[in-house]
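>>> The sequence isn't on hand, but the structure is:
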């Protein structure tokens, strides 16, 4: 019986026939951007060329990306994201390689998205201490052939995260701490490589101050509130505010302590303190101790002078502005053989700013008058008596609202002198026509104050 051979379709008995193309399928899941994959099926040729087929090669068009294998299917990788491809298959044996198959169906290679472009910005405004926030603005790159469904941002340090559409807000950041953000894009195939943002420093409102001690200032209306400032939140603290309870009466300042005024004497108060920076105001401190403003009942000694037989002008200088009113108490006499009508001057002012009215007298004799153009205030208004050497002249002078810078100053005096034959009394009211706070007082008697004279300055805070 004769041997019958099989004739290949190409007429070449040594090279395999071309395989029969099957189906190309995109495999996008988990594929990195621009490293797509397709799985291509085919049917081996009937004619092998007389020797075994050693392998198959699948080639993409465009791009010429190839994949090899011993049987169907064969995977081709390296495909560019979002690009359409067809594929052909060849078979090889020891002799060589077959002609290519017909082209497959077209597929579009899909992958995870391209890594996005990212900008991070500190939010700051209104953020509570240690709950900072950053806005992460994302510009998506190529989609990888499948729509981007979300973005994710994760901080470093801290791994605080947020996901969704751009822009993202990442919260929980520690105050005054530098952060970068790793951002990815996700589609149906998976998640892109990460892009690291610029560095930002998270800022917030300040940390709540630590309360100290609230102290009554003795005015009946004011309390001093001490505290310790804490962390700034990354922005300089501009002011502190102390608030009373009850009443929500406030005082502000740049440092401790703060004075809260306008309180009601006899009412018990506690105080809290907040700190404010460019981002807003902190939480309140814990409440202070309770303090009840009390109306003062006595004058405090500020300074005093004792006569020395030579000093003719007593000066009280650099008078503190912390009192409500001042009182001057005079018990003085002149050196032997000398007489003088003592005068008072404020702020060393020798202008015609002293206007006063007076009632002077002794027994049934009296003098009533006024003076509107004097350069000093004469304590014996009528100038009919003088301070002399025989007995002390005694005066009490009250100066009202001396530290005010918004109104003229009012002073009142009562005084007199015991003479051998009679007693002389002077009542006066003086208006010092200046709105300047009084920080200096001069009391002058041209002859000099005798030993045993005393002139004392007192202050009252109520």
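Right, received. Where do you want to start? Everything quoted here is computed from the prediction, not taken from an experiment.
>>> Tell me who's in contact with the residue nearest the centre of the chain.
Central residue of the chain (C-alpha atoms, centre = their mean): residue 277, 2.1 Å from the mean position. Going by C-beta atoms under 8 Å, 6 or more residues apart in numbering, residue 277 touches 205, 206, 232, 233, 235, 236, 237, 238. C-betas here are computed from N, CA, C, even on glycine.
>>> For it, which non-adjacent residue is closest in space?
Residue nearest to residue 277 in three dimensions, not counting chain neighbours: residue 235, with 4.0 Å by C-beta to C-beta, 6 or more residues apart in numbering.
>>> same question, residue 154
Nearest to residue 154 is residue 161, by C-beta to C-beta, 6+ apart, at 4.5 Å.
>>> State the distance from that neighbour to residue 133.
Per C-beta to C-beta, to the nearest Å, residue 161 is found 13 Å from residue 133.
>>> Which one's more surrounded, the two?
Neighbour comparison, residue 161 and residue 133: the larger count goes to residue 133, with 22 against 15 (by other C-beta atoms under 10 Å).
>>> you'd agree that one is up against residue 168?
No - applying C-beta atoms under 8 Å, one finds residue 133 not in contact with residue 168, separated by 10.3 Å.
>>> Not counting sequence-adjacent ones, nearest residue to residue 228?
Of all residues not flanking residue 228 in the chain, residue 210 sits nearest, at 4.3 Å (C-beta to C-beta, 6+ apart).
>>> What count of nearby residues applies to that neighbour?
Neighbour count for residue 210, taken as other C-beta under 10 Å: 14.
>>> which residues touch it?
Neighbour list for residue 210: 227, 228, 230, 285, 286 [criterion: C-beta under 8 Å, 6+ apart].
>>> Dump these into TSV; add pLDDT as well.
Formatted as TSV, the contacts of residue 210 follow (pLDDT from 0 to 100):
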residue	pLDDT
227	98
228	98
230	98
285	98
286	98
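>>> For stretch 25-37, list every residue counted as buried.
Under the neighbour-count criterion of 16 or more other C-beta atoms under 10 Å, stretch 25-37 has 26, 27, 28, 31, 32, 33, 34, 36, 37 buried.
>>> Tell me which residues touch the fifth one, please.
This means residue 32. With C-beta under 8 Å, 6+ apart, residue 32 has these contacts: 111, 112, 193.
>>> The closest residue to the second one other than its chain neighbours: neighbour count?
Pointing back at residue 112 there. With sequence-adjacent residues excluded and distances taken as C-beta to C-beta, 6+ apart, residue 112 is closest to residue 190, at 4.4 Å. By other C-beta under 10 Å, the residues close to residue 190 number 18.
>>> same question, residue 118
Other residues lying near residue 118 total 23 when counted by other C-beta under 10 Å.
>>> in the helix or strand hosting it, what's buried?
Assessed by DSSP states H and E, residue 118 sits inside strand 117-122. For strand 117-122, burial by neighbour count (16+ other C-beta under 10 Å) applies to 118, 120, 122.
>>> Format the residues you listed as JSON lines; extra columns: pLDDT and distance to residue 333.
Converted to JSON lines, the buried residues of strand 117-122 look like this (pLDDT from 0 to 100; distance: C-beta to C-beta, whole Å):
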{"residue": "118", "pLDDT": "98", "distance to residue 333": "89"}
{"residue": "120", "pLDDT": "98", "distance to residue 333": "83"}
{"residue": "122", "pLDDT": "98", "distance to residue 333": "75"}
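>>> Using TSV, please lay out the residues you listed together with distance to residue 257.
Listed next are the buried residues of strand 117-122 as TSV, based on distance: C-beta to C-beta, whole Å:
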residue	distance to residue 257
118	47
120	40
122	33
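>>> nearest spatial neighbour of residue 267, skipping sequence neighbours?
That would be residue 292: by C-beta to C-beta, 6+ apart, it lies 6.6 Å from residue 267.
>>> my guess is the one you found contacts residue 263, does it?
No - with contact defined as C-beta under 8 Å, residue 292 does not count as touching residue 263 (9.3 Å).
>>> Between those two, point out the one with more neighbours.
residue 263 (22 against 13).
>>> Which strand or helix spans the more buried one?
Applying DSSP H and E, one finds residue 263 in no helix or strand.
>>> And the strands in the stretch 51-200 of the chain?
53-61, 66-69, 74-79, 84-93, 107-108, 117-122, 132-139, 148-156, 161-164, 168-173, 177-187, 190-191, 195-196, 200-202 (DSSP state E, counting those that start in this stretch).
>>> Sounds good, over and out.
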